[in-house]
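Undergrad: generate coordinates for the sequence data below:
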Amino acid sequence: MNPNQDKNQRREAEVRALLDKLSPNMITLNPEEIGGIEESNQMVRQERLQDIQDGGRKEKKPKNKKRGKSKIRTQLRRKQQNVVDAQTLKLREAREQEKEAKAKEIEGDDDAFSKTKEADAPAALQRFF
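TA: Residues are numbered from 1 along each chain as shown. Now for the predicted structure:
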């Protein structure tokens, strides 16, 4: 350890210290061996592609977290939520119509509300409306 070492000497000392930590059989002169990829056979690659493609299609098994009275009831309710029949379609359409009606009311109310605000505001503040 030289207390007066320059930048290059410090770098070389650090490299030597790191090389001392490695086992001798890991040290190689071919730099392509370090970042190389282990090549697999065609069968392994096909299985990986299948897994990736089928990833979103697999059915999820329900987890058995709950115990007691409500277990079967909640499982049936969860299954029933995914069923779409004529009644649920009618309810969805009715909700959409209600939302549209409310949106139209709000738009009409905003205009009337802003006009009353403008009329109620003092003359100095009317330019902000």
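Undergrad: all contacts plus neighbour counts: C-alpha atoms, from now on.
TA: OK.
Undergrad: could you give the mean pLDDT of the helix or strand containing residue 50?
TA: Using DSSP states H and E, residue 50 sits within helix 42-53. Per-residue pLDDT over helix 42-53 has a mean of 81.
Undergrad: past that helix, which element shows up next along the chain?
TA: helix 70-81.
Undergrad: just checking, what packs against the next helix or strand after that next one?
TA: Next in sequence after helix 70-81, counting helices and strands by DSSP H and E, comes helix 86-120. The helices and strands touching helix 86-120, judged by 3 or more Cα pairs under 8 Å, 6 or more residues apart in numbering; DSSP states H and E, number zero.
Undergrad: model confidence score at residue 99, please.
TA: So, for residue 99, pLDDT stands at 93.
Undergrad: that older thread, return the helix holding residue 50 as PDB; C-alpha atoms alone will do.
TA: C-alpha atoms of helix 42-53 as PDB (Å, rounded to 0.1, in the frame of the first residue of the first chain):
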ATOM      1  CA  GLN A  42     -34.700 -27.200 -29.500                       C
ATOM      2  CA  MET A  43     -37.000 -29.000 -27.200                       C
ATOM      3  CA  VAL A  44     -36.300 -26.700 -24.200                       C
ATOM      4  CA  ARG A  45     -36.800 -23.600 -26.400                       C
ATOM      5  CA  GLN A  46     -40.200 -24.900 -27.600                       C
ATOM      6  CA  GLU A  47     -41.400 -25.600 -24.100                       C
ATOM      7  CA  ARG A  48     -40.500 -22.100 -23.000                       C
ATOM      8  CA  LEU A  49     -42.300 -20.600 -26.000                       C
ATOM      9  CA  GLN A  50     -45.400 -22.700 -25.100                       C
ATOM     10  CA  ASP A  51     -45.300 -21.600 -21.500                       C
ATOM     11  CA  ILE A  52     -45.100 -17.900 -22.600                       C
ATOM     12  CA  GLN A  53     -47.900 -18.300 -25.100                       C
END
